[in-house]
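# Turn this into a model:
(chains A, B and C)
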Amino acid sequence: MPIAPDVKLGADVKIFHPALVNLYGCTVGSETKVGAFVEIQKNASIGARCKISSHTFVCEGVTIEDEVFVGHGVMFINDRYPRATADGALQTEADWQVVPTRVKRGASIGSGAVILCGVTIGERALIGAGAVVTHDVPPDAVVAGVPARLRRSGESR
Amino acid sequence: MPIAPDVKLGADVKIFHPALVNLYGCTVGSETKVGAFVEIQKNASIGARCKISSHTFVCEGVTIEDEVFVGHGVMFINDRYPRATADGALQTEADWQVVPTRVKRGASIGSGAVILCGVTIGERALIGAGAVVTHDVPPDAVVAGVPARLRRSGESR
Amino acid sequence: MPIAPDVKLGADVKIFHPALVNLYGCTVGSETKVGAFVEIQKNASIGARCKISSHTFVCEGVTIEDEVFVGHGVMFINDRYPRATADGALQTEADWQVVPTRVKRGASIGSGAVILCGVTIGERALIGAGAVVTHDVPPDAVVAGVPARLRRSGESR
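Reported below is the predicted structural model:
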């Protein structure tokens, strides 16, 4: 079931290839477009009029507000120190705490970017392609690089 | 329809898993091999005897000449300042201009690389794995890093 | 055949979406979990109680020991100087040599990381998200960045 029955889709959500995505337990707002090879996990929330491009992974704990562009191959994260096992047995949900991330209205995330957990990306901020975001990004700012550094502050605009 | 009817495939193109790709409106030259989880958009052109490896995204505006190796998880880009919406409504094709990219004959692009738009990658150039290419790459050059910098010029060979 | 008949699966391997993976000629140990949009090539070996997250590519020549966490969108490599063709014809397996990589027991690889070939990642080492690993990583060490550099040695713990 690539789109699980518990997914909440708003009006006019466009999923280009329903057989080539993996959505479960998430919310996707009206008119948002979702590309191929996208996974959106439970308890992730996507706003209205967003574009979630192909090959992107949105994990539990991520909130994406309205009108956000997420490029291709973007990876979100919700665990700072991931491990496969705890005391020799596979970790279960009881073994870790989801660290939330928020992408605010109108922001854009370039393709291939990696967004570490616990950050807030401000309104209309622009994340450069291939950036690794490790800290909060102010509204209207442009960041790029590994780790992502400020290239243009919102104030200078 | 993971391979849309409007895709133009040359002779002996090998698509390993036709149900696990997303190709539409593009051209793929003879003998080229295409891996799983690959998306190639309309108006992208791939030459003959190329390898397009799994998890790679080739967007509109990209021209890949003959005998090019594209690694796994490579992301091309055609929009410098992507946004989901314009004046509060989802962007349409009228709202942006595709910036073209060209990869010349015999070049190789390492896995996980991100190729920004508007660049030309020269003949036989080698792009290191994980590089973010922001400028033209000369023929026979080797570049790597974020942003990609010259590691070996073609002239020194 | 997204899971080829020659794949050797241990007991209780969990492949969340068998129709959305591409596994062939590989070995996956007991209790290991494999996400969507994962490709694992022939002669790759994954241990027991691992997590192989969505969008990850594990190539021929990679050995992953037990209890290893591999994040989302991780790319392994087995060829230092990849080319599509040799003397104008598509390369065949005779044209290159697989360079092996080993990830030792209990290590964790963050999402979006790229692992170059010929490296050994030590026991319990932690690879930061988005890192490009070009050298061996000692046991218990933490590395991050492009190229990946030591952030905390195992000895200081």
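# ok, the residue most central in space within chain A to chain C distance?
Nearest residue to the geometric centre of chain A (C-alpha atoms, centre = their mean): residue A:58, 4.2 Å. With the distance defined as C-beta to the nearest C-beta, to the nearest Å, residue A:58 ends up 10 Å from chain C. All C-beta atoms are positioned from the backbone trio N, CA, C, and that covers glycine.
# Kindly confirm whether my reading is correct that that residue touches residue A:40.
Yes - the pair residue A:58 / residue A:40 is scored as a contact, 4.5 Å apart, by C-beta atoms under 8 Å.
# What parts of chain A come near chain C?
A:2, A:20, A:22, A:37, A:39, A:55, A:57, A:59, A:73, A:75, A:77, A:81-85, A:88-91, A:112, A:114, A:116, A:132, A:146-147 (C-beta under 8 Å from any C-beta of the partner chain).
# Now list the buried members of those residues.
Judged by neighbour count, with 16 or more other C-beta atoms under 10 Å in any protein chain shown as the criterion, the buried members of the residues of chain A next to chain C are A:2, A:20, A:22, A:37, A:39, A:55, A:57, A:59, A:73, A:75, A:77, A:82-85, A:90-91, A:112, A:114, A:116, A:132, A:146-147.
# among these, which are in helices?
Taking DSSP state H as the definition of helices, those contribute nothing to them.
# follow-up on the earlier one: mind listing the shared neighbours of residue A:58 and residue A:40?
Between them, residue A:58 and residue A:40 share the neighbouring residues A:26, A:46, A:52, with contact defined by C-beta atoms under 8 Å, 6 or more residues apart in numbering or on different chains.
# got TSV for those, with pLDDT and distance to residue B:140 too?
Below are the shared contacts of residue A:58 and residue A:40 laid out as TSV (pLDDT from 0 to 100; distance: C-beta to C-beta, whole Å):
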residue	pLDDT	distance to residue B:140
A:26	98	47
A:46	98	44
A:52	98	38
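# Quick one, which of the residues you listed are buried?
Among the shared contacts of residue A:58 and residue A:40, those scoring as buried are A:26, A:46, A:52 (criterion: 16+ other C-beta under 10 Å).
# Residue C:7: which of the shared contacts of residue A:58 and residue A:40 is nearest?
Proximity of the shared contacts of residue A:58 and residue A:40 to residue C:7, judged by C-beta to C-beta, is greatest for residue A:26, which lies at 29.7 Å.
# Number of residues surrounding residue A:92?
Taking other C-beta atoms under 10 Å in any protein chain shown as the criterion, the count of residues near residue A:92 is 8.
# per-residue confidence at residue A:131?
In the prediction, the pLDDT value recorded for residue A:131 is 98.
# start to end distance for stretch A:76-91?
20 Å (C-alpha to C-alpha, to the nearest Å).
# The buried ones among the residues of chain A next to chain C in strands, which ones?
The strands, defined by DSSP state E, take in A:22, A:39, A:57, A:75, A:85, A:90, A:114, A:132 from these.
# and those as TSV, adding distance to residue C:95?
Written out in TSV, the entries for those read as follows (distance: C-beta to C-beta, whole Å):
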residue	distance to residue C:95
A:22	36
A:39	35
A:57	34
A:75	32
A:85	39
A:90	40
A:114	33
A:132	34
